[in-house]
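> The following comprises the amino acid sequence and a computationally predicted model.
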Amino acid sequence: DYSRPHDVYTNLTSLLLHHPGPSGPEQQLRDCTLPSPLLEEIKEKNPLVTLGGHYRPPDCEPRHHTAIVVPYRNRQTHLRALLYHLHPFLQRQQSGNSTFNRAKLLNVGVREALKEEDWSCVFLHDVDLLPENDHNTYTCHPQYPTHLSVAMDKFRYRLPYSQYFGGVSAVTPEQYLKMNGFPNQYWGWGGEDDDIAARSQSHLSLVIILIFTASVYPSCLPPHSHRRDQVRLSGMKIMRPPLAIGHYKMIKHKGDQGNEQNPRRFDLLKRTRLNWRSDGLNSLTYKLLSKELEPLYTNLTVNIGDDP
Ligand code: UDH
Ligand code: NGS
């Protein structure tokens, strides 16, 4: 019952730093240098596959019903290797064209990454931005969210506007929790980064004493003379590297199908102050469909629902 559904699944590629590289178990399996995974393990990784190897997308009517026939005798290890790859592969192919939701995918990525390991810093990194300056250290500030892509070539190496928070940013798990993660309601292009900026600043209004402490003890500041920007909400701050350091090249591209401008973004932004406590990490729902350790990244396929 592997069927190509209507636009339901959204593919999330999350880049986990320090991940086992090309010599990891996935690669070893492909090179046949690792025993095939156990059937129980494959089953565990594919919770939505039912008895007999059936899979049905949970939230839509399939358009196709496909059976896969394998001629087989005495090849248990091969069968297990095939099942291990095929189930997530087929579920991935069903990734649909429903409206993109960058902030919700980032929420999912952060939550799943934190299940894996106790990261001290999590980067939120657009796929089309290449850092150009080695001094732009990929670390977190201990107290405040950091915005790193302050000087992109497409904006002539400066901020397009002073509150811009798009592209590449970083939070510690504690900062992420305190700001209730990111909004889940921005379907389509635009505004979600402004909401994230506003909610981090809203939160920071609660820790004004820490800001004061940081200014008294400069040793609390991160390396490379990150400086604190004055922002609109009651003198709150977001950390940024200097313009000369936060250089990024953007891989040129057009707008994506399924990520058209969100006409509701301005209305949503007006309500950030009211909504940030209830829309975010604490209201996040999704279904994890598969998780694959590729040689250079971890690929999570998730169902995050659709624009209501
Ligand atoms: N992304 C995808 N796939 C998509 C859409 C977005 O992977 O279909 C991710 C990707 O990481 C990307 C990020 O979401 O870098 C941000 O999306 P974007 O690159 O489209 O946004 P950006 O604002 O570019 O950087 C906008 C170019 C077209 C704007 C049209 C509206 N003015
Ligand atoms: C603002 C958007 C942001 C976006 C930024 C840069 O207008 O989400 O432009 O866009 N805010 C709203 O639409 C409310 S860019 O020039 O990269 O296409 O990140």
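Cool, the structure landed. Ligands and ions are numbered 1, 2, ... in the order given.

> For the stretch 201-308 of the chain, just list every one of the helices.
Here the stretch 201-308 of the chain has its helices, by DSSP state H, counting those that start in this stretch, at 208-216, 265-270, 272-275.

> Pull the contacting residues for the spatially most central residue of the chain.
Geometric centre of the chain, nearest residue: Leu106, 3.1 Å, by Cα atoms, centre = their mean. Residues near Leu106 by Cβ atoms under 8 Å, 6 or more residues apart in numbering: 124, 182. Every C-beta, even on glycine, is put in place using the N, C-alpha and C of the backbone.

> Against His125, how distant is it?
Distance of Leu106 to His125, computed by Cβ to Cβ, to the nearest Å: 9 Å.

> likewise Leu51?
40 Å.

> Please, where are all the strands along the chain?
Secondary structure of the chain (DSSP state E): strands at 10-14, 122-125, 129-131, 146-147, 151-152, 168-171, 227-228, 239-240, 247-250, 287-293, 298-303.

> Tell me which of the ones you listed sits most buried.
Highest mean neighbour count of the strands of the chain: strand 146-147, a mean of 26 (counted as mean count of other Cβ atoms under 10 Å).

> And ligand 2, is that one touching that?
No: applying Cβ under 6 Å from any ligand atom, one finds strand 146-147 out of contact with ligand 2, separated by at least 11.4 Å.

> Just send the strands of the chain back as a markdown table, with distance to Asn184 too.
Output for those, formatted as a markdown table (distance: least, Cβ to Cβ, whole Å):
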| stretch | distance to Asn184 |
| --- | --- |
| strand 10-14 | 13 |
| strand 122-125 | 15 |
| strand 129-131 | 23 |
| strand 146-147 | 21 |
| strand 151-152 | 26 |
| strand 168-171 | 17 |
| strand 227-228 | 29 |
| strand 239-240 | 25 |
| strand 247-250 | 26 |
| strand 287-293 | 14 |
| strand 298-303 | 13 |
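
> what number of residues lie near the closest residue to Leu38 other than its chain neighbours?
Once flanking residues are discounted, Leu38 sits nearest to Arg80: 7.3 Å by Cβ to Cβ, 6 or more residues apart in numbering. Neighbour count of Arg80, defined by other Cβ atoms under 10 Å: 18.

> tell me the contacts of Arg80?
So Arg80 contacts 36-39, 42 (Cβ under 8 Å, 6+ apart).

> now those: which count as buried?
Using 16 or more other Cβ atoms under 10 Å as the burial test, those include 36-37, 42 as buried.

> Point out the least confident one among these.
Scanning these for pLDDT, the low point is Ser36. It has 78.

> Keep only the contacts of Arg80 that also lie close to ligand 1.
Applying Cβ under 6 Å from any ligand atom, the subset of these adjacent to ligand 1 is empty.
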